[in-house]
Each structure stands twice: as structure tokens, then as C-alpha cells.
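**Q** Need the 3D shape of this:
(chains A and B)
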Amino acid sequence: MNAFFKTMAVTAVSAVALMGATAVHAEGERYVLVSHAPDSDSWWNTIRNALALAGEQMDVEVEYRNPPTGDIADMARLIEQAAASGPDGIITTLADPTVLSDSIQAAVDAGIDVIIMNSGTPEQAREVGALMYVGQPEYDAGFAAGQRASGDGVTNFLCVNHVISNPVVAERCQGFADGLGVELGESMIDAGQDPQEIQNRVMAYLNANPETDGILALGPTSADPTILALEELGLAGDIYFGTFDLGENIVNGIRDGVIEWGIDQQPFLQAYLPVVVMTNYHRYGVLPGNNINSGPGFITADGLELVEALAGEYR
Amino acid sequence: MSETEPLAAGGPGDERIKEQGGFRKWLIRPELGGIVGVIAVFAFFGILAGDSGMFNAQGIMNWSQISAQFMIIAVGACMLMVAGEFDLSVGSMIGFAGISIAMFGVVWGLPMWLAIIITFAICLTIGAINGIIVVRTGLPSFIVTLAFLFILRGFTIFVPQTVESRTIIGGIEDAAEGDWLAAIFNTDLAGWFFVWLADIGLVDTFTRGTREGEPVISGLPMLIVWAIVLVIVGHIVLTRTKFGNWIFAAGGDAQAARYVGVPVDRVKISMFMTTAFCATVFACVQVFEFGSAAADRGILKEFEAIIAVVIGGALLTGGYGSVMGAALGALIFGVVQQGLFFADVESSLFRVFLGIILLFAVVLNTYIRRIITGER
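**A** As a prediction, the model looks like this:
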């Protein structure tokens, strides 16, 4: 039994030592990034890598925290906890303003600088007293995509919306219509979440509206079945097709010429820029005068090699 | 007075009332492991994270709130475990109760106090159903409550999704404005005390914004008050009442307890209702503090409750344990979970460390108890 306890003690001690060694230490400022993502969400891996890189390059201490199960109430406690540890700045998302704004506000009032990234809007960020918002404003991203499509000769489009319940995501369609200079009208369809249904609705729409020459999908969920629909109709490559976010099928679609571009909100910048901005603010008192749009970053067949090589790491 | 006269019951030779040494009596208490653990954990973080903000006012409030959360659900879990059963539906119950309050109080527009009462009624009924199924079928509570883990979580997502096509319901703050019953779940008490603490420099003040000059802690949250009240009530019931003896008897040897007239089934069912009650209290405090209910709240909380109880010295097999121990277990759990952040431990490794501490605590507890009680 004694030997057993010795083993336990040694294990515990060495675990502590191991952890001490992995904690990022640097001279100077300390920044904590609190996300809303559960452990299972691998999209945030890019954020973590970018955060670590920014910490290294700016020679500041950076920490990443997230609620293991994605529980937003737990996230509020993490923000309070981070604030209590007295960092120079907190970078966080506004995944649910009702739950989080009190905690963020208290951190700001206690003299900690806060930058909102990824989720939320510039207005909400201003309301909680954050320095700025770094992310992809959905309307603006849609608008930029619409202008781009307009330049490529699109006049009549279909927006495939698989998250009709989320008004923020629907702004992508509105922005696209405005960028094109056309009415949104009946162009946005509620596609549902089921791939088979999405595929059939896209086919039905294109059959009923043969003058359609452009398609916007709002993410892999709607983009993947749309690719199948276009192949089925023999329109793959003929119709102008752009989508939000990236995924394996989307990247393949871009390579094969079925998809013109994918809109990347560039999570790398969402984690990297706040660290750079805050470090310079604290060292030299300089601060950009506005919010920063991390997206839309357009991914086309040209830059695809780098995207594929860094997918899941920095892209 | 003849020498052969048998000893009267309660006489000096009756082993049932034999005096035990004070020290030994203290050693066999189930809380011992918890007390040792608390001292160890505070010493550990005092050294490792003493100057990191963990022990400033905000830091203390932070880990106290986390510990209080664990305590609220650990009280119910502990008493149920002493009665010899488990409840894996605690976490789902937290999400379920929160959504229930939001549905009745916000979506269907009932007064908040009524929404709270209805929610308590529903949750206590579900707790009773859990218990009735367990005692009637004789199935392990592990399986029965595992089923309810999924049933409740399913409903919690289904109902708001169907009625409102969303799974997060806000607007609870406005709906609870001025409600007397909601206030007992979310009020900051004794604000003047913290103003005074700020005046003498023990608590920091906000340096900017609309609350400039106010202390960073506006009062003692009801979350902590609820935790303390539940722990005290639970402790008294378990150690100072006849019903408490019944709980120990039901968990120790149910059959023997029945022979001496303990209503084992009723005791167990009421303990399932107690866990449900604690989960609902947790949900109320959370919902009114954060102003919204979400269908994914409380995931994994059932295990956290059981972990706190086990660190606190309760036996997984029932019949042994204490609410005070569970409260100390919750304190250890909360302090470790939050303390590792202050000690600057990489977040992905923190659960490794937590696991090691848990294992260590449980093994140590069992080991100490075996030495002391001579049990093999």
C-alpha cells in the first residue's frame, strides 16, 4: 500500500511539473481569451494556434479558456475568473449578450481592456464597453460578396438558407442582394437542415426560375447538397456559385470549378489581431479608430494550395 | 445489590453507550478526508497562486460561487447516496427546470412566482417518479436515472424548439422584475458591508463606467446563501433527526431496516425528490442571475455532484457519508477547478490534474477510513 501511495504522489508531483512547463510565460502583458466553444468544436483550434503565435510574436503572455461543455453560464464565470486574475486585457466572444454582458461590463469597469471577437455585433461590443469588435459583420460580408458577383455579371440569384431561424445569418442574403443591387424578395429559400430536402428544394427552385444565374449558400450544410443538385441538373460550373465558410466538399468544389469562391471569416485574424492591437495600445497608446473586419476573405482556386496546406491549423 | 444481578440496559457495561475517546470519535467522521483535503488544497494554491488574484475579493467570490453551485447539487446527491441510490438526471434536470421557468414565465406569460412554483411541482414529481420506478421495479437507480437523463434533455430541447423555434430563451430579467419569489433566488445581500470593506481598502472598486467607485462585489449572492442553508438543513436532517437515521438505515441494509419498521421505499422516494429539489434550486439561481435559460445548461453536472460527494467521504454503496463532507468536497472541487486557472495551468491539462486529485482524495479517504474503523 505504501508503494502505491508513493507512486500516486510521484505521479501528482510530476503532473504539476509538466503543467508548469507547458504554461506560456513571457515578459510583460498578459491577455486571456475566453471562447464559448465546447471542447468538441475543432473550428477553434485555429483560434488557439493564432493566439499562441500572436503571444510569441508580441512577446506577451496569452491564455485560452473555454467552458468544456459549451455552457454559456459557465463561460460567464470564466470571464469573472479571468477578470479576478487581473490581466491587461480580455478577448472574448459575445455568444449570448443576456448572459455575458454583466460579467464583461464588470471587467471593463474594473479597468481591464476588452475586445469582442467572432460573435456579437459592433453595436453590442460598444454597449459592453469593449475597445472594438473583431469579426465578420454578416451584412457587410454578404454585401462584399454581392458586389463581387455583380462584377462577374450575376443578375438573378438564389440564396440557400439552412438556418432560417437565425436572423443574423439571414443578413448575409440581404447584404448579397443589396451588393448585387437587386431585391431580395423570393430569392431566399428556407432549405431546412436535411441534405436530401435541401438538394430537392434547390432543384425545384432552379427549375421554376430558369433565369437564375447565381447561387449563394450560407455554409457547408447548404453548400454540399447544392453541389449535388447542380451536378444532377447538369449546371455544375455553368451557374455562378459562392458560399460562406469552408469544408472539404467546398474546397473540392472550388478546385473543380463548381464553386467560384468560399467566404472565409478568417478565425486566425479574430484571435491574432486583438492581441496585437491591445499590446500596441498598452505599450504605445495607439488604437485603430474602428472595428476590424476579419472577413470576408475570399478563397478562390488561386489561393487554394495554401488553404489546403494550412486547413485546420491557421486557416 | 447482588453480584449476579444482570446489568441494566444503559448500565456501565452496555457496549452501545460505551464512551469513545474524543480523538478517535473525530477520526471516524466521514468529513475527515474533506477537512484534510480543504487544508491541503488551500495550502497548495496559497503557495502556487497566492499572488495571482485568486485570493483577492473578486477571486474569492469567483471560486466561492463555483463551490456554492457544486454544494447545492451535492447536498441532494449526498443524501440520496447515503440512502443507497444515485441520480444521473441531475444535470438534465437543471436544464429542464430552467427552460420550464422560461416557458411558463416568459413564453406563456404567467407571473414569475407561479412559473417557479409550477416548475418545482413538475420537477419534484419527476424526482418522485424516478424514486417510485426504482423501488417498485428494483432496477438499479443508475439505469433508471440514466434513462431520465436522456428523457429530460430531449424534452428540454424539444419543447422550446417546437413552440418558439429556439433553444435559448431570454427576457427572464424583465419578466422577473419585482417578483417576490424570483428575488429569493437572485438578490445581493448586505451590500453595505462590501461598501465598508471597500472603504477600508479590503475590496477593490470599479475604476470607470457607471459604477465607478462602487466595490467590485455588490453583495453576498443568494447562490451562496442557498448553498449554506441547504448544507445546514441537510446536515441537521441527516444527523439530528429520526428521519436521518432512516436514511442511513435504508442505505446501509434496506432489508434489515424494513424489519425494524423503517419505511424504506418512502425514504428513498423522498430522497429522489430532494435531489430534484436541489437541481431546481440550482436552475432558479442560474436562470435569474443570467437572465436566460438554455437547453444545454447543466451538462455533466450530475457527475460533478457525485464527485463532490465522493471526495466528501460518502460511500458509493450507501449507508455512510455526511452532508458537511459533501460540502467540503464541493469546496475542494470548486477551488481546484478555479485555482488551476489562477496557477496558470494550461487549460487542456487541467482535467488531468483534477482527475489525479480526485483519485488521490478518494483513495486516501478510503484508506484512512479503513485504518480507523478496522474495516477490511
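
**Q** pLDDT below threshold where in the stretch 51-200 of chain A?
**A** Across the stretch 51-200 of chain A, the ranges flagged by pLDDT under 70 are A:165-166.

**Q** Can you name the residues of it sitting close to chain B?
**A** Residues of the stretch 51-200 of chain A lying close to chain B (CB under 8 Å from any CB of the partner chain) are A:63-66, A:68-73, A:76-78, A:80-86, A:96, A:98-99, A:105-106, A:108-111, A:129, A:165. From N, CA and C alone the C-beta is placed, and that goes for glycine too.

**Q** What segments of the stretch 101-250 of chain B are helices?
**A** B:112-137, B:141-164, B:172-175, B:180-183, B:191-199, B:222-240, B:242-252 (DSSP state H, counting those that start in this stretch).

**Q** Show me which residues of the fourth one are buried.
**A** Using 16 or more other CB atoms under 10 Å in any protein chain shown as the burial criterion, the residues of helix B:180-183 that qualify are B:181-182.

**Q** now it, how far from the chain's geometric center?
**A** 22 Å (CA atoms, centre = their mean, to the nearest Å).

**Q** mean confidence score for it?
**A** The average pLDDT for helix B:180-183 rounds to 84.

**Q** One more: the second one?
**A** Mean pLDDT, taken over the full extent of helix B:141-164, equals 88.

**Q** And for the first one?
**A** Within the predicted structure, the mean pLDDT of helix B:112-137 is 94.

**Q** That one - contacts with which helices or strands?
**A** The helices and strands touching helix B:112-137, judged by 3 or more CB pairs under 8 Å, 6 or more residues apart in numbering or on different chains; DSSP states H and E, are helix B:90-102, helix B:141-164, helix B:180-183, helix B:264-290.

**Q** Identify those among the residues of the stretch 51-200 of chain A next to chain B that sit within strands.
**A** A:63-65 (DSSP state E).

**Q** Can you say which helix or strand has residue A:39 in it?
**A** Assigned by DSSP states H and E, residue A:39 belongs to no helix or strand.

**Q** residues near the residue nearest to it when sequence neighbours are not counted, how many?
**A** Spatial nearest neighbour of residue A:39, excluding adjacent residues (CB to CB, 6 or more residues apart in numbering or on different chains): residue A:68 at 5.2 Å. A count of nearby residues for residue A:68, using other CB atoms under 10 Å in any protein chain shown, gives 16.

**Q** Just send the helices of the stretch 101-250 of chain B back as JSON lines, with distance to residue A:194 too.
**A** What follows is those, written out as JSON lines (distance: least, CB to CB, whole Å):
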{"stretch": "helix B:112-137", "distance to residue A:194": "32"}
{"stretch": "helix B:141-164", "distance to residue A:194": "15"}
{"stretch": "helix B:172-175", "distance to residue A:194": "32"}
{"stretch": "helix B:180-183", "distance to residue A:194": "40"}
{"stretch": "helix B:191-199", "distance to residue A:194": "53"}
{"stretch": "helix B:222-240", "distance to residue A:194": "42"}
{"stretch": "helix B:242-252", "distance to residue A:194": "49"}
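
**Q** what's the closest of those to residue A:230?
**A** Residue A:230 lies closest, by CB to CB, to one member of the helices of the stretch 101-250 of chain B: helix B:141-164, at 31.1 Å.

**Q** Render the CA-only coordinates of the closest one in PDB, please.
**A** Listed next in PDB are the C-alpha coordinates belonging to helix B:141-164 (Å, rounded to 0.1, in the frame of the first residue of the first chain):
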ATOM      1  CA  SER B 141     -31.100   3.700  -9.900                       C
ATOM      2  CA  PHE B 142     -28.100   4.000 -12.200                       C
ATOM      3  CA  ILE B 143     -30.200   2.800 -15.200                       C
ATOM      4  CA  VAL B 144     -33.500   4.400 -14.300                       C
ATOM      5  CA  THR B 145     -31.900   7.800 -13.800                       C
ATOM      6  CA  LEU B 146     -29.800   7.400 -16.900                       C
ATOM      7  CA  ALA B 147     -33.000   7.000 -18.800                       C
ATOM      8  CA  PHE B 148     -34.300  10.200 -17.300                       C
ATOM      9  CA  LEU B 149     -31.000  11.900 -18.200                       C
ATOM     10  CA  PHE B 150     -32.000  11.500 -21.900                       C
ATOM     11  CA  ILE B 151     -35.800  11.900 -21.500                       C
ATOM     12  CA  LEU B 152     -35.400  15.200 -19.700                       C
ATOM     13  CA  ARG B 153     -32.700  16.500 -22.000                       C
ATOM     14  CA  GLY B 154     -34.800  15.500 -25.000                       C
ATOM     15  CA  PHE B 155     -37.900  17.400 -23.700                       C
ATOM     16  CA  THR B 156     -35.700  20.400 -22.800                       C
ATOM     17  CA  ILE B 157     -34.700  20.800 -26.400                       C
ATOM     18  CA  PHE B 158     -38.000  19.700 -28.000                       C
ATOM     19  CA  VAL B 159     -40.400  22.000 -26.200                       C
ATOM     20  CA  PRO B 160     -38.800  25.400 -26.800                       C
ATOM     21  CA  GLN B 161     -37.700  24.200 -30.300                       C
ATOM     22  CA  THR B 162     -41.300  23.300 -31.200                       C
ATOM     23  CA  VAL B 163     -43.000  26.300 -29.500                       C
ATOM     24  CA  GLU B 164     -40.500  29.000 -30.100                       C
END
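
**Q** What residues of that helix count as buried?
**A** B:141, B:144-146, B:148-149, B:152-153, B:155-157, B:159-160.

**Q** where along chain A do the strands fall?
**A** A:30-34, A:61-65, A:89-92, A:113-117, A:132-135, A:157-161, A:188-190, A:214-217, A:240-244, A:261-264, A:292-293, A:297-299.

**Q** Take the ones you listed and write them to TSV, including mean neighbour count.
**A** Output for those, formatted as TSV (neighbours: other CB atoms under 10 Å in any protein chain shown):
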stretch	mean neighbour count
strand A:30-34	25
strand A:61-65	21
strand A:89-92	28
strand A:113-117	25
strand A:132-135	26
strand A:157-161	25
strand A:188-190	17
strand A:214-217	29
strand A:240-244	25
strand A:261-264	24
strand A:292-293	18
strand A:297-299	20
